[in-house]
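Visitor: what follows is a protein structure lacking sequence information:
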Ligand code: NDP
């Protein structure tokens, strides 16, 4: 490791003990940024990276609620307001039993760079709870959301902080959260994105992360004069991002063959076409079932419990479940099996030594903060429509999303091109950093 990165990380680790996901995210960025900072000492003198690694504000709170048996339950609630130099804090809420301070700080940190990359005026934040919506009744989810928002409402606002969904927070949860905010504040304003269409949502927001991730992959493939037509694709997860990735892959003529959830994976060598995707959407979004049931419904499909899809032969991979789902061996297997492109729908799905394998093999690798930025970008488009009290058509939003992904790709190439190879990790980190760092310089000691 570079000496300057080592020294910087020693300080980050001593100030944030035990937060391993946060250390991992900061180190990845520091490794890209440090050589750039050495060449541009103005950022070094102003200790910009040191300041960016410290959240502007961390809010931690108790979330008490009553379950269907009348028992009191207590969860933890969090909001990390990481950086607002270029706009109001923006970033999702995650409800999952694994949620802790380290995971939310890593996500909030990544969000700062991602939001900057979108070219839209949004700062970075993230929040959530260790509440698990799985297996809870709608009433329990509603009671939890109401209690969570009773506290969160003190800290957010259309010009302060505008949360959205993430793992475990979809349309149902956003609805309950929004309802409680409106009731408490007696105010109808755009304080959340991912809202339903008939009360302030944007067309294409549910699709945006998956679509954007495929658009980004399309741009990467163009640099090799390749298209997505007939490419065999592995996809992990089966939630919002995975579903819309599969949809867009089908629309562009590719063949997605896998999906997964936290229990296991399915492999459908005939391809998960749009008809089969309809079944998955109903299974996951309405029935709230398990991906295993797909294998019981369609011919030629195998289900493997506890597995992820990285040893299936593919041309392209779209990790879309969660962080650290691809290790060094998985990365090696992907490449040995002919994978030429990895476009990350999830946040930080590849472990650092897996990323090294991609970069050494010089495959097309789009890190999450660039490849999945379409979701937050479209959230920002939802905020614009709310402010203007108008609604754009599906085609308009999709076109804007597509252009944003093309611009993000161009920016990554601008900062990450190294002879004939584009290092998208460096490209995304440096492009994201420069805009936020310059805003912080302009604004004095913030
Ligand atoms: P969903 O909750 O809709 O789906 C998550 C999927 O991943 C589910 O299939 C879930 O399985 C699986 N999963 C979650 N945790 C684990 C785990 N620990 N191990 C194995 N599988 C797991 O979430 P999203 O699709 O919204 O989010 C997926 C990823 O995309 C996350 O990394 C998120 O941060 C990222 N992302 C999402 C954006 C959005 O707009 N939604 C925007 C940008 C990034 P199960 O049902 O069994 O839990």
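Guide: Yep, that arrived. These figures come from a predicted structure and were not determined experimentally. Numbers count the residues shown, from 1 in each chain.
Visitor: quick one, domains of the protein?
Guide: In terms of domains, the chain is parsed into 3-52, 57-188, 208-371 (source: automatic domain parsing).
Visitor: how about the shortest one and the ligand, touching?
Guide: No. Using C-beta under 6 Å from any ligand atom, domain 3-52 stays clear of the ligand, coming no nearer than 11.7 Å. (Each C-beta comes from the backbone N, C-alpha and C, glycine too.)
Visitor: mean confidence score for that domain?
Guide: For domain 3-52, the mean pLDDT works out to 97.
Visitor: over to the last one?
Guide: Taken as a whole, domain 208-371 has a mean pLDDT of 98.
Visitor: can you list the buried residues in stretch 120-132?
Guide: Neighbour-count burial for stretch 120-132, with 16 or more other C-beta atoms under 10 Å as criterion, is recorded at 120, 121, 122, 123, 124, 125, 126, 127, 128, 129, 130, 131.
Visitor: tell me the phi and psi of the closest residue to residue 326 other than its chain neighbours?
Guide: Nearest non-adjacent residue to residue 326, counting by C-beta to C-beta, 6 or more residues apart in numbering: residue 350, 4.4 Å away. Recorded main-chain torsions at residue 350 are phi -100, psi 130, according to degrees, to the nearest 10.
Visitor: what count of nearby residues applies to the residue nearest to residue 285 when sequence neighbours are not counted?
Guide: For residue 285, ignoring the flanking residues on the chain, the nearest one in space by C-beta to C-beta, 6+ apart is residue 170 at 7.2 Å. The local packing of residue 170 (other C-beta atoms under 10 Å) involves 18 other residues.
Visitor: try residue 283
Guide: Residues lying near residue 283 (other C-beta under 10 Å) number 18.
Visitor: quick one: it from residue 275, how far?
Guide: Computed as C-beta to C-beta, to the nearest Å, the residue 283 to residue 275 distance reads 13 Å.
Visitor: give me the residue from the protein nearest the ligand.
Guide: The nearest approach of the chain to the ligand comes at residue 239, 1.9 Å away (C-beta to the nearest ligand atom).
Visitor: look up the closest residue to that residue, ignoring the ones flanking it.
Guide: Here the residue nearest residue 239, using C-beta to C-beta, 6+ apart, is residue 284, at 6.6 Å.
Visitor: list the contacts of that neighbour.
Guide: Residue 284 makes contact with 238, 239, 243, 291 under the criterion C-beta atoms under 8 Å, 6 or more residues apart in numbering.
Visitor: let's see if you can find the most crowded of the residues you listed.
Guide: Compared across these, residue 238 has the highest neighbour count, 28 neighbours, by other C-beta under 10 Å.
Visitor: quick check on that residue: phi, psi?
Guide: Backbone dihedrals for residue 238, given as degrees, to the nearest 10, come out at phi -150, psi 20.
Visitor: where's it relative to residue 290, distance?
Guide: 9 Å.
Visitor: mutual contacts of those two, please.
Guide: residue 261.
Visitor: can you list the domains of the chain in JSON lines and add distance to residue 434?
Guide: Below are these laid out as JSON lines (distance: least, C-beta to C-beta, whole Å):
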{"stretch": "domain 3-52", "distance to residue 434": "8"}
{"stretch": "domain 57-188", "distance to residue 434": "8"}
{"stretch": "domain 208-371", "distance to residue 434": "14"}
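Visitor: hmm, back to that, Throw the contacts of residue 284 into CSV and include secondary structure, thanks.
Guide: Below are the contacts of residue 284 laid out as CSV (DSSP: H, G, I helix; E, B strand; the rest coil):
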residue, secondary structure
238, coil
239, coil
243, helix
291, coil
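Visitor: which residue, other than its chain neighbours, is closest to residue 354?
Guide: Of all residues not flanking residue 354 in the chain, residue 331 sits nearest, at 3.6 Å (C-beta to C-beta, 6+ apart).
Visitor: other residues contacting the host helix or strand of the one you found?
Guide: Assigned by DSSP states H and E, residue 331 belongs to helix 328-336. Applying C-beta under 8 Å, 6+ apart, the external contacts of helix 328-336 come out as 308, 310-311, 314, 317, 326, 342, 350-351, 353-358, 361, 363.
Visitor: off-centre distance for it?
Guide: Its chain's average C-alpha position is 23 Å from that of helix 328-336, according to C-alpha atoms, centre = their mean, to the nearest Å.
Visitor: what comes up buried for it?
Guide: Across helix 328-336, burial judged by 16+ other C-beta under 10 Å covers 330, 331, 332, 333, 334, 335.
Visitor: same check on stretch 342-350?
Guide: 342, 343, 344, 345, 346, 347, 348, 349, 350.
Visitor: quick one: residue 233 from residue 344, how far?
Guide: For residue 233, the distance to residue 344 equals 13 Å [C-beta to C-beta].
Visitor: need the residues touching each of the two.
Guide: residue 318.
Visitor: now do the strands in the stretch 251-400 of the chain.
Guide: For the stretch 251-400 of the chain, the strands defined by DSSP state E, counting those that start in this stretch cover 255-256, 258-261, 264-267, 302-305, 316-318, 341-343, 364-366.
Visitor: distance to residue 12 added to the ones you listed, as JSON lines?
Guide: Below are the strands of the stretch 251-400 of the chain laid out as JSON lines (distance: least, C-beta to C-beta, whole Å):
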{"stretch": "strand 255-256", "distance to residue 12": "38"}
{"stretch": "strand 258-261", "distance to residue 12": "32"}
{"stretch": "strand 264-267", "distance to residue 12": "35"}
{"stretch": "strand 302-305", "distance to residue 12": "38"}
{"stretch": "strand 316-318", "distance to residue 12": "30"}
{"stretch": "strand 341-343", "distance to residue 12": "27"}
{"stretch": "strand 364-366", "distance to residue 12": "25"}
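Visitor: what's the most buried one of these?
Guide: Of those, the one with the most neighbours on average (mean count of other C-beta atoms under 10 Å) is strand 316-318, at a mean of 31.
Visitor: which neighbours does that strand have in its sheet, and in what orientation?
Guide: strand 232-235 (parallel), strand 341-343 (parallel) (DSSP bridges).
Visitor: could you find the closest non-adjacent residue to residue 309?
Guide: Spatial nearest neighbour of residue 309, excluding adjacent residues (C-beta to C-beta, 6+ apart): residue 258 at 3.7 Å.
Visitor: re the thing from before, for the buried residues of helix 328-336, give me a markdown table that also has distance to the ligand.
Guide: Shown next, in a markdown table, are the buried residues of helix 328-336 (distance: C-beta to the nearest ligand atom, whole Å):
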| residue | distance to the ligand |
| --- | --- |
| 330 | 13 |
| 331 | 17 |
| 332 | 20 |
| 333 | 18 |
| 334 | 17 |
| 335 | 22 |
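Visitor: surely residue 26 meets residue 9?
Guide: Yes. Taking contacts as C-beta atoms under 8 Å, residue 26 lies within contact range of residue 9: 7.2 Å.
Visitor: which one's more surrounded, these two?
Guide: More neighbours surround residue 26 than the other of residue 26 and residue 9, with 24 against 18 (other C-beta under 10 Å).
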